[in-house]
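>>> kindly generate the corresponding structure for this input.
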Amino acid sequence: MQNNTNGFLHPKEILKQIGIHNNMNIADFGCGNGYFSIPMAEIAEQGRVYALDIMKDTLEAVMSKAKLRNILNIETVHCNLEISNGSKLNNKSIDLVLLRNILFQSQKKSKIIKEAKRVLKDNSRLVLIEWIKDSSLAPKDCWLISKEEAQQLVKLEGFDFEKELEIDNHHYGLVFRK
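From the prediction side, this is the model:
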């Protein structure tokens, strides 16, 4: 795993550590431009990747990239993850939820974790990737959350800590099991 990534995450390297299978149903909460959604869909060919975001233009970008690569197992969902049932996904329908660089943007972090818990099947996983608070590249004027605060927040929702991921010098990654 490279440590000098100039602040850019390497999705394929990170996804290897997570262990995604061919037929998983995955939700990418706050998918942005599909930086992780697209590679997850390539791995989970027989499954489905739900790319969720509040920004419609980013969802359009995800679909454009998917079409260019002939990826047919991505479904975009325009939603608000800070409200109950905001993802619009069914209860206990998802094998893995990815929260990548989303919690630092919200003051309603526990609502987002609760929504992830609602959609996850029993014994499934929540993957959390966030900025390290004192990273020189971390955004300013936001609500950064330390690794310890994130672990506590997720444990309060009944998740068990499983492992830490090797990311880069600017992000931490945590895997939890429901």
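
>>> adjacent strands (with direction) for the strand ranked longest in the chain?
For the chain, the strand with the greatest residue count under DSSP state E is strand 120-131. Using DSSP bridges, the strands paired with strand 120-131 are strand 94-100 (parallel), strand 171-177 (antiparallel).

>>> how about those strands, which one is nearest N123?
Evaluated over those, closeness to N123 peaks at strand 171-177, with 6.4 Å, by CB to CB. Quick note: C-beta positions are derived from backbone N, CA and C, even for glycine.

>>> for V175, which non-adjacent residue is spatially closest?
Of all residues not flanking V175 in the chain, E162 sits nearest, at 4.4 Å (CB to CB, 6 or more residues apart in numbering).

>>> scratch that, N80
N80 sits nearest to G86 (CB to CB, 6+ apart), 4.6 Å away.

>>> thinking again about what came up before, deepest-packed of the strands paired with strand 120-131, please.
Mean neighbours per residue, mean count of other CB atoms under 10 Å, is largest over the strands paired with strand 120-131 for strand 94-100, with a mean of 24.

>>> on that earlier part again, remind me what the helix or strand hosting the residue nearest to V175 packs against, helices and strands.
Using DSSP states H and E, E162 maps to strand 160-165. Counting contacts by 3 or more CB pairs under 8 Å, 6 or more residues apart in numbering; DSSP states H and E, strand 160-165 packs against helix 11-18, strand 120-131, helix 147-156, strand 171-177.

>>> do you know how far D168 is from L9?
Noted for D168: a distance of 7 Å to L9, by CB to CB, to the nearest Å.

>>> tell me which of the two has more neighbours.
Neighbour totals were compared for D168 and L9, and D168 leads with 23 against 17 (other CB atoms under 10 Å).
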